[in-house]
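Engineer: quick one, what's the 3D model for this:
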Amino acid sequence: MAEQETLRVDIADGVATLTLNRPEQKNALNTPMRDGLREAVQSIRADRSIRAVVLRGAGTDFCSGGDIRAMNVTDADAGRDRMDDLHGWIAMLSDLDRPVVAAVDGVAYGAGFSLALLADFIVASPRARFCMPFMKVGLVPDCGALYTLPRVVGMARARELVFSAREVRAEEAKQMGVVFEIVEQERLFARADQMARSLASASPAAYALTKRALNQSFDSDLRAMLELESLGQGVAFTTAYHKEAVRRFKEKEAPLFQWATE
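Structural biologist: As a prediction, this is how the structure comes out:
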């Protein structure tokens, strides 16, 4: 994958790190960055050697949202086209059948908050701040937040966060379930990488099947989820990973997967 000026793509040991790279603008999303994210997500989806993804921002912030100064939407059709250009890779990232960890330092505002919510886990520094400020500029939450936010915090809390447009600090975000873990700033990116590498050692089939089933859970009934469970487990039982994991268990050897505790 070619490196984009506004998006750094680094791949090491099966982990792809996507770094939003406009630190002087608090990593606000502009068109080149959006294009870079689309290309990166498409490439990752097609590259099975990549086993996990880390999202982060350069400098002291994650992402301050869309670059309002660069927005030049003249009519409703143009506004819809602008969003449709985003939706393909956003859906791909949300559905990606591999672990995604977001490391949030500083601001995660607007589309930046939405982008973080697409990850499986958000680790944040104590100075992380989350906000859905769309009401302040007369816009609708975007980048998938209308789907992800209620599923993470519940509908009542999602309404409050969207309609009040208030800022939420890291500790409160953790209490809401937005943030998985708070890590000191100097260890944040190392911890996100550690988590990604740990998750990358999990069974690719089991992780993919479980993630996709969980993503459908709120839109399904019990019988549909039991059917997914049966189909998924049927596949997982046949994998070489499962057979090797069982062998190691019986022989009292180190497991293939071990969660990365700090």
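
Engineer: any idea which helix or strand in this protein has the lowest mean pLDDT?
Structural biologist: helix 76-95 (a mean of 78; mean pLDDT, DSSP states H and E).

Engineer: strands along the chain, start to end?
Structural biologist: Taking DSSP state E as the criterion, the chain carries its strands at 7-12, 15-20, 52-57, 100-104, 107-109, 121-124, 129-131, 167-169, 181-182.

Engineer: those strands into a markdown table, with extra columns for distance to residue 215 and mean neighbour count?
Structural biologist: (Each C-beta comes from the backbone N, C-alpha and C, glycine too.) As requested, the strands of the chain are exported to a markdown table (distance: least, CB to CB, whole Å; neighbours: other CB atoms under 10 Å):
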| stretch | distance to residue 215 | mean neighbour count |
| --- | --- | --- |
| strand 7-12 | 25 | 16 |
| strand 15-20 | 20 | 23 |
| strand 52-57 | 16 | 25 |
| strand 100-104 | 12 | 27 |
| strand 107-109 | 21 | 27 |
| strand 121-124 | 15 | 26 |
| strand 129-131 | 22 | 22 |
| strand 167-169 | 24 | 17 |
| strand 181-182 | 22 | 16 |
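
Engineer: can I get the ones you listed in TSV including distance to residue 35?
Structural biologist: Output for these, formatted as TSV (distance: least, CB to CB, whole Å):
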stretch	distance to residue 35
strand 7-12	9
strand 15-20	13
strand 52-57	16
strand 100-104	20
strand 107-109	21
strand 121-124	24
strand 129-131	25
strand 167-169	29
strand 181-182	31
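
Engineer: TSV please, covering those strands and showing mean pLDDT.
Structural biologist: Shown next, in TSV, are those (pLDDT from 0 to 100):
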stretch	mean pLDDT
strand 7-12	96
strand 15-20	98
strand 52-57	98
strand 100-104	98
strand 107-109	98
strand 121-124	98
strand 129-131	98
strand 167-169	98
strand 181-182	98
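
Engineer: that'll do, ta.
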